[in-house]
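Asker: sequence and predicted structure are below.
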Amino acid sequence: MATALLSFENTPSDPRSGRSLWYMGGFMTIHADSQDTNGQFALIEFSGSPGGEPPMHIHTHEDEFFYLLEGKLKVYRGEEELILKPGDSDFLPRNVPHTFKILSSHARGLVYITPGGFEGYFREMGEPAAGPASPKLKAPPTLAKIVSVAKRYGITFVS
């Protein structure tokens with residue numbers, strides 16, 4: 001298991017790949033993953049603009065906790081709709097359909113995922129990034145690939 005210092009630094013000497021990546025036009029940094037925490041949790045910082053949000057989906061393996069740092073989100077949790085502003089948070093339990101929409105031009109926040117492991121989905125589907133500068137991204141993954149990979153991580157999409 002890595003030390004806490006390594007867990008929260010993204011340095012060239014960090015032997016673990018995929019700390020920062022691009023996924024669906026958004027930038028993510030995996031500050032702590034299941035390897036760092038003995039499988040207990042993952043902590044991901046996300047940054048994005050409207051348009052790259054996930055469709056309504058259900059996690060069967062993990063719970064998520066969002067903490068918003070910048071911007072404004074509308075979070076859909078089951079039948080609820082919540083507005084998050086900087087400093088607000090929301091718990092998204094497993095087996096409850098949820099998604100979010102970015103209501104501002106940009107949003108940034110933290111996602112605590114427990115237990116860890118789901119960060120592997122983002123590593124598999126995203127593209128490694130050196131930093132938040134504008135990337136030269138490949139074409140986004142196909143819907144078939146997204147559904148296939150999500151299924152392996154216990155995610156189902158709700159229409």
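Answerer: In hand now; what should we look at? Residues are numbered from 1 along each chain as shown.

Asker: and T29, what does it touch?
Answerer: When contacts are counted by C-beta atoms under 8 Å, 6 or more residues apart in numbering, T29 touches 10, 19-20, 44-45. Quick note: C-beta positions are derived from backbone N, CA and C, even for glycine.

Asker: those residues: which two are farthest apart?
Answerer: N10 and I44 (12.4 Å; C-beta to C-beta).

Asker: looking at those two, which is more packed in?
Answerer: I44 (21 against 15; other C-beta atoms under 10 Å).

Asker: how many neighbours does F91 have?
Answerer: For F91, the count of nearby residues is 12 (other C-beta under 10 Å).

Asker: so it is in contact with E62, correct?
Answerer: No. F91 is not in contact with E62 according to C-beta atoms under 8 Å; the separation is 12.0 Å.

Asker: quick check: G109 touching Y67?
Answerer: Yes. Under the criterion of C-beta under 8 Å, G109 makes contact with Y67 at 5.7 Å.

Asker: which one's more surrounded, those two?
Answerer: G109 (22 against 16).

Asker: contacting residues for that one?
Answerer: Contacts of G109 (C-beta under 8 Å, 6+ apart): 45-46, 66-71, 73, 84.

Asker: reformat those residues into a markdown table and put pLDDT next to each item.
Answerer: Listed next are the contacts of G109 as a markdown table, based on pLDDT from 0 to 100:
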| residue | pLDDT |
| --- | --- |
| E45 | 97 |
| F46 | 96 |
| F66 | 97 |
| Y67 | 98 |
| L68 | 98 |
| L69 | 98 |
| E70 | 98 |
| G71 | 98 |
| L73 | 98 |
| L84 | 98 |
